[in-house]
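Asks: sharing a model prediction with you, sequence too.
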Amino acid sequence: MAYPEAVETAHADFAALQQRDGAPVPAAHYFADLRATVAMVFRTWPVAREYASTPCLATALDTEYTSRIAQAEPLRNTPGKTKTSKPYTAPPADSLAAGAVLDVASHLLQAADPPEARKRLAPLVQRLRDADRALSTYLRRPAWISEPLRAAVKDNWPAGEELAA
């Protein structure tokens, strides 16, 4: 493939990833959604394990998650405000783990419509609310995620659309 064709293909792929419910999402919102989804994936692992593209990537995330648990444990007993969510919101230093979690996050964010987005994200959202209510609320703030993602993870779901998976 020639360089201009490769650039054009990469641009088309990126543009497709920036779609939410069939509508374009600005790049800044897409990356904000990735950041929040990555934090949800790490804090709720292994709930999103099924979205890993390969067993190797899932294993890399298993290892990264174990490391994050170990980082969070000492923070539980620190005086003042607990900061146990920090290890889950930091990006991975390991390139394989970073690629693996971005792969999972992009799969989660590629829902075709709002019901599909809710279906994919509901298990993570419910687990996050149970495990870390403060982080759950923080990640769903308007400054952190796009409007379409916020709609998919909102608290006030219409009747008949509970958070059950």
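Replies: Sure, I can see it. This structure is a prediction, so every number in the text was calculated from the model and none was measured. Numbering: from 1, shown residues only.
Asks: how about the nearest residue to the residue nearest the centre of the chain, chain neighbours excluded?
Replies: The chain has Thr37 as the residue nearest its centroid, 1.5 Å off, counting by Cα atoms, centre = their mean. Excluding its sequence neighbours, the residue lying closest to Thr37 (Cβ to Cβ, 6 or more residues apart in numbering) is Ala105, at 4.0 Å. In short, each C-beta sits where N, CA and C put it, glycine included.
Asks: what is the neighbour count of Ser106?
Replies: Ser106 is flanked by 16 other residues according to other Cβ atoms under 10 Å.
Asks: got the phi and psi for it?
Replies: Main-chain dihedrals, Ser106, degrees, to the nearest 10: phi -70, psi -40.
Asks: where along the protein do the helices fall?
Replies: For the chain, helices defined by DSSP state H occupy the ranges 3-17, 27-44, 55-72, 86-89, 95-109, 114-131, 133-139, 147-152.
Asks: can you list contacts of the fifth one?
Replies: Helix 95-109 is contacted from outside by 17, 20, 30, 33-34, 37-38, 41-42, 48, 51-53, 57-58, 60-61, 63-64, 91-92, 120-121, 124, 149, using Cβ atoms under 8 Å, 6 or more residues apart in numbering.
Asks: next: the shortest one.
Replies: Helix 86-89 is contacted from outside by Ala39, Phe42, Arg43, Arg68, Ile69, Gln71, Ala72, Leu75, Asp132, Leu135, using Cβ under 8 Å, 6+ apart.
Asks: switch those over to TSV; also include neighbour count.
Replies: Below are the contacts of helix 86-89 laid out as TSV (neighbours: other Cβ atoms under 10 Å):
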residue	neighbour count
Ala39	24
Phe42	25
Arg43	24
Arg68	20
Ile69	14
Gln71	14
Ala72	18
Leu75	13
Asp132	21
Leu135	20
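Asks: and those, which two are furthest apart?
Replies: Ala39 and Leu75 (15.4 Å; Cβ to Cβ).
Asks: if I look at Ala90, how far off is Arg141?
Replies: Here the criterion is Cβ to Cβ, to the nearest Å. By it, Ala90 lies 18 Å from Arg141.
Asks: and Pro142, how far from Leu135?
Replies: Taking Cβ to Cβ, one finds Pro142 at 16 Å from Leu135.
Asks: low-confidence bits of the chain, can you list those?
Replies: Counting by pLDDT under 70, the chain has low-confidence residues at 1-23, 80-82, 155-165.
Asks: if we go to 50?
Replies: Across the chain, residues meeting the criterion (pLDDT under 50) sit at 1, 3, 6-7, 9-14, 16-17, 157-165.
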